[in-house]
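1. Take a look and give me a structure for this.
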Amino acid sequence: MPRRFLLLLSPLFLAGPAWGQTLAPGDNLVIENVPPIPAALAAKAYPYGNVRSATHVDWHPQREEMLILTRFADTAQVHLVTSPGGTRKQLTFLPESVGSASYEPTAGKYFIYTLSPGGSERYQLYRFDWDSGKSTLLTDGKSRNSGFRWSKKGDKLVYGSTRRNGADVDLYFLDPANPKSDRLFLEQKGGGWAVLDWAPDDQSLLVGQYISINESHLHRVDIKTKKLTRITPEGKEKVAYMGGKFSKDGKTIYTITDEGSEFRYLAVLDATTGKITRLSDNKKWDVQDFSVSSEGKIAYLVNEDGRGTPHLLEPGKGKLPAFKTPPGSISNLEWHPNGKTLSFHVTSATTPLDVYSTAGGESKRWTYSETAVPTKDFAEPKNIAWKSFDGTEITGYIYQPPKKFTGKRPVLILIHGGPESQSRPGFLGRYNYLIQEMGVAMVFPNVRGSSGYGKTFLQKDNSFQREDSYKDIGALFDWIAKQPNLDADRVMVMGGSYGGHMTLAVSYLYASKIRCAIDIVGISNLRTFLENTESYRRDLRRVEYGDERDPKMRAFLDKIAPMNHLDKITKPLFIIHGKNDPRVPVSEADQIRDALKKQKTPMWYLVANDEGHGFAKKRNVDFQFYATIMFVEEYLLKGMKKKKRIEV
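-> A predicted model of the protein is given here:
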C-alpha cells in the first residue's frame, strides 16, 4: 500500500503524529500554491470525515431484504441487508462508486448496477451474478446510459443512451441475461428523454421529456408500432410533470405537476385524454416524491421549507393516517412488491442518512451509519430571511457555533448549485468541523431561482435576470452586518457548480464584503460553459441560462462573466475541480486560474485527475477538506484573538 494511504488509514496516524510531519498528496492530484498540510491538522479533522450514510436502492422482489449503497472504504458500493438492523454484506468491490442497483424483478436472480469511470458520468450497466460474484458489462463501455426500467414480466429492460451521436438520448431494449440482445428501439431528438414506467401489459411505455425544470411532457410509446403519442395537454402555460407511474389497470397515470398551480401537487392523469385530477391538498409547499403500492396506496412527501414530511392516501378513499417516522427530514419512498412495507430515508442535523421501513406501525431502522465523532451536540439549523434589492424575500438556514466561542463569529456562506436546487436542513458531515472546532457560522441561502418556493420564484433568475440572484447575496451581506453575533468583516463565500459560478460573481461584485472564496467545479463564464459542456446537456441548460448563439444573450453573458471582471477579483480564491467533469469542463477552472496568476491575486488550485463534477473518492474528499481548513485558517480566521478561535 502506498505510504500516502497509510497516513490516511493508520491508527498511529489517528493518534497524532509529531508536529512537522505533513500529509503527502496523491499522485492523482494537481496542486498549485496549496501549502503542505500538517499531519496534526489532518489527524484532528479526520474523524469528522469518517461518517457513513446508507441509501436504499431496491427491495428484493420476494423477500423483505434490500440492496443499499454505503461506503466502507474509498467508494460507495452495493451491500445486502436481510433484516432491520442486520449486517451489511458488501457485494461489489470496485474502485469507482456505484450509482444505482436493481434486482431482476421476478425472483431476484441477479441485479443490475450502474458505474461511471472517473466521474465522467458515462454510466455503464453491469449484471451481478449471485453464484459467481462476478459482474458482466452490458453496455458499450463508452456512451452515457441511464434510466433503465424493467418490464412488468421481468424479461427485459429499456434504458436511455447517447450511443448514436453523443447528444440525443435514444431508447434501447436489453435482456440482461443475454447481453447480445441489446438493440436500439427508438431514436429521439434531445437529451431530456427518460422512460418512467411500463404499461401493465408491457405493450407500451410511459416516457418523460424534460425541457426545463418548468416544462416537461409525458408521452406514450407503443412497443409494436413505435408510435410516440403525447399524453399531457398542450397549452400556452409551461407545465412541469415530475415522474410518472401507470395505475394497475393502465388507464390512468400518477404524477407530480404544477399545472394551474404555483406549487407542485400529486395528480392523476387520464392516459387517453390527459385530463388532470388533483389528489394532494398541499397549498403552499411542493410535493417532491411519491410511490404507489401494488395495493393502490400512495405515499408521498411534501417539501415543507426544505424538510420532507410524509403523507398517505388511497385514491377513491382519500387521505389515510400518516405513517410514523423518527425526527428528521424524510426522503426516497419505495413500496416493497408485497404492497405492505414502505422504505424511506431519514436525516437530521445530528444523524446521517439512514434507511427505515414501516408497515403501518412503528418504523423499523434497517441501517445504523457510524460516525467517528459524537453528533448529539452538532448545531441545529435555524431559518433566516431577508429582503433583497427589489423587496423579494430570500430565505435560508444558519448553523451557529457552540457557546464556547465568544464574540462575533466569522461566517461562511455556502451557495447551492443547480441553480434549480435547494439548500435543505440535514447532516453537514465534514462541515461540522468548521462549526464545532473552528467557531465558524455557516449560512446556506436559497437565492431566487431555487426550487421549493413556487414556480414564480423558480424563474426569477432565468435568462437576462441572472444578475438579480447575485444581488440576493449582496442583500445577505447587509443582513449579516445587522446580526450582533456575526462578524461582517470576516465573511467567506463558497459554492459548487452553479454555486461556484455565484461564488465567482460575488467575488468580483462584492470584493469589499468578503475575505476569501472557494470555487468548486464552478462556471467562470456561462457562455464558454454552454459552448463546452457535454452536447446532451447543452439545450437543457440554455433554457435556464439563455442561448449563447443569440447575439444579445451572448453579449449579456460575456458582460456578467467573472472571467471578464478579473481586475475586481482581488481576494484570495481557492479553485477546486475534477479533470473529467462532463458538466462544467475543467477549462472553466483553468481559464480563471491562468488569468489570476497574471494579475497576482492569491490563488490556490486543486484538480483531481480521477474525478468529475465534484470529488467522490474518500481520499480525494479528505485532502480537499484538509486544504479547505487551511484556507479558512489563513484567509478567514487569521488575525482573530486566540481566545476566540480554535488552534490547529
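2. I'd guessed Phe405 sits against Gly439; true?
-> Yes: between Phe405 and Gly439 there is a contact at 3.5 Å, judged by CB atoms under 8 Å. (C-beta placed from N, C-alpha, C; glycine too.)
3. Can you report how many residues lie near Leu428?
-> Applying other CB atoms under 10 Å, we find 22 other residues in the vicinity of Leu428.
4. oh sorry, the question was meant for Arg430
-> When counting by other CB under 10 Å, one arrives at 20 neighbours for Arg430.
5. That one: what secondary structure?
-> Under the three-state scheme (DSSP: H, G, I helix; E, B strand; the rest coil), Arg430 adopts helix.
6. where's it relative to Leu205, distance?
-> 42 Å (CB to CB, to the nearest Å).
7. next one: Thr22
-> From Thr22 across to Leu205, the span is 56 Å (CB to CB).
8. Likewise for Lys319?
-> Counting by CB to CB - Lys319 and Leu205 are separated by 31 Å.
9. Same drill for these two, tell me which one is more crowded.
-> For the pair Lys319 and Leu205, the greater number of neighbours falls to Leu205 (23 against 12), based on other CB under 10 Å.
10. Do I have it right that Ser343 meets His56?
-> Yes: the criterion here is CB under 8 Å, and Ser343 meets it with His56 at 4.9 Å.
11. Mutual contacts of the two, please.
-> Residues touching both Ser343 and His56 (CB atoms under 8 Å, 6 or more residues apart in numbering): Met66, Asn332, Glu334, Val355, Trp366.
12. what's the closest of these to Pro36?
-> Val355 (40.1 Å; CB to CB).
13. Am I right that Phe631 sits in a helix?
-> Yes: remark: Phe631 belongs to a helix, assigned using three-state DSSP.
14. number of nearby residues for it?
-> By the criterion of other CB under 10 Å, Phe631 has 22 neighbours.
15. same deal with Ala267?
-> If we define neighbours as other CB under 10 Å, then Ala267 has 22 of them.
16. Surely it touches Ile276?
-> Yes: with contact defined as CB under 8 Å, Ala267 reaches Ile276; the gap is 5.2 Å.
17. shared neighbours of the two, which are they?
-> Thr257, Glu259.
18. Ser204 contacts Asp222, doesn't it?
-> Yes: look at Ser204 against Asp222 with CB under 8 Å: they come within range, at 5.3 Å.
19. who has more neighbours, these two?
-> Set side by side, Ser204 and Asp222 show more neighbours around Ser204, with 22 against 13, by other CB under 10 Å.
20. Give me the pLDDT for that one.
-> On the pLDDT scale, Ser204 is placed at 97.
21. likewise the one 4 residues further on?
-> Predicted confidence (pLDDT) at Gly208: the value is 96.
22. for it, what are its contacts?
-> Gly208 sits in contact with Gly192, Trp193, Ala194, Val195, Leu196, Ser216, His217, Leu218, His219, Tyr241, Gly243, Gly244, where contact means CB under 8 Å, 6+ apart.
23. Tell me if I am right that the last one is in a strand.
-> Yes: counting by three-state DSSP, Gly244 falls inside a strand.
24. can you tell me how far the residue lying closest to it once chain neighbours are set aside sits from His219?
-> What sits nearest to Gly244 in space, not counting adjacent residues and going by CB to CB, 6 or more residues apart in numbering, is Leu196, at 4.0 Å. From Leu196 across to His219, the span is 10 Å (CB to CB).
25. residues touching Ile415, list them.
-> Residues in contact with Ile415 (CB under 8 Å, 6+ apart) are Pro445, Val447, Ile473, Val493, Met494, Gly495, Gly499, Met502, Thr503, Val506.
26. and if you look at Pro35?
-> Pro35 makes contact with Met630 under the criterion CB under 8 Å, 6+ apart.
27. and it, that one's in a strand?
-> No: under three-state DSSP, Pro35 falls outside any strand and is assigned coil.
28. Helices of the protein, start to end?
-> For the chain, the helices defined by DSSP state H cover 3-9, 11-15, 39-49, 432-436, 455-458, 466-481, 498-509, 526-532, 535-545, 551-560, 587-599, 618-632.
29. Among these, which comes closest to Arg230?
-> Nearest of these to Arg230, taken as CB to CB: helix 535-545 at 18.7 Å.
30. Not counting its own residues, what contacts the closest one?
-> Contact with helix 535-545 is made by 144, 162, 166-169, 190-192, 210-213, 215, 419-420, 462-463, 466, 526, 529-530, 533, 548, 557, 582-583, as judged by CB under 8 Å, 6+ apart.
31. How many neighbouring residues does the residue nearest to Asp461 when sequence neighbours are not counted have?
-> Closest residue to Asp461 apart from its sequence neighbours, by CB to CB, 6+ apart: Gly449 at 3.3 Å. Neighbourhood size, Gly449 [other CB under 10 Å]: 25.
32. and Gly449, how far is that from Thr456?
-> The gap separating Gly449 from Thr456 is 11 Å, by CB to CB.
33. what's the answer for Lys579, then?
-> Taken as CB to CB, the span from Lys579 to Thr456 is 39 Å.
34. These two: who's more crowded?
-> Neighbour totals were compared for Lys579 and Thr456, and Lys579 leads with 19 against 9 (other CB under 10 Å).
35. How many residues are close by Ala359?
-> Neighbour count for Ala359, taken as other CB under 10 Å: 14.
36. Which pLDDT value does the model give it?
-> 92.
37. Return the residues in contact with it.
-> Neighbour list for Ala359: Lys340, Thr341, Leu342 [criterion: CB under 8 Å, 6+ apart].
38. among the residues you listed, which ones are buried?
-> Thr341, Leu342 (16 or more other CB atoms under 10 Å).
39. Need the contacts of Ala359 in TSV (columns: distance to Asn303 and pLDDT).
-> Converted to TSV, the contacts of Ala359 look like this (distance: CB to CB, whole Å; pLDDT from 0 to 100):
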residue	distance to Asn303	pLDDT
Lys340	26	94
Thr341	24	96
Leu342	18	97
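40. quick one: which of the contacts of Ala359 sit in strands?
-> Leu342 (DSSP state E).
41. contact partners of the longest strand belonging to the chain?
-> Identified as the longest strand of the chain according to DSSP E is strand 486-496. Contact with strand 486-496 is made by 407-417, 441, 473, 477, 480-481, 501-503, 506-507, 513-522, 614, 632, 635-637, 640, as judged by CB under 8 Å, 6+ apart.
42. One more pass at 6 Å, please.
-> The contact list for strand 486-496 (CB atoms under 6 Å, 6 or more residues apart in numbering) reads 408-415, 417, 441, 480-481, 502-503, 506, 514-518, 520-521, 636.
43. Direction included, what does it pair against?
-> Sheet pairing of strand 486-496 (DSSP bridges) gives strand 409-415 (parallel), strand 516-520 (parallel).
44. closest to Asn28 out of the ones you listed?
-> Nearest of the strands paired with strand 486-496 (CB to CB): strand 516-520, 17.2 Å.
45. In the closest one, which residues are buried?
-> Of the residues in strand 516-520, Cys516, Ala517, Ile518, Asp519, Ile520 count as buried by neighbour count, 16+ other CB under 10 Å.
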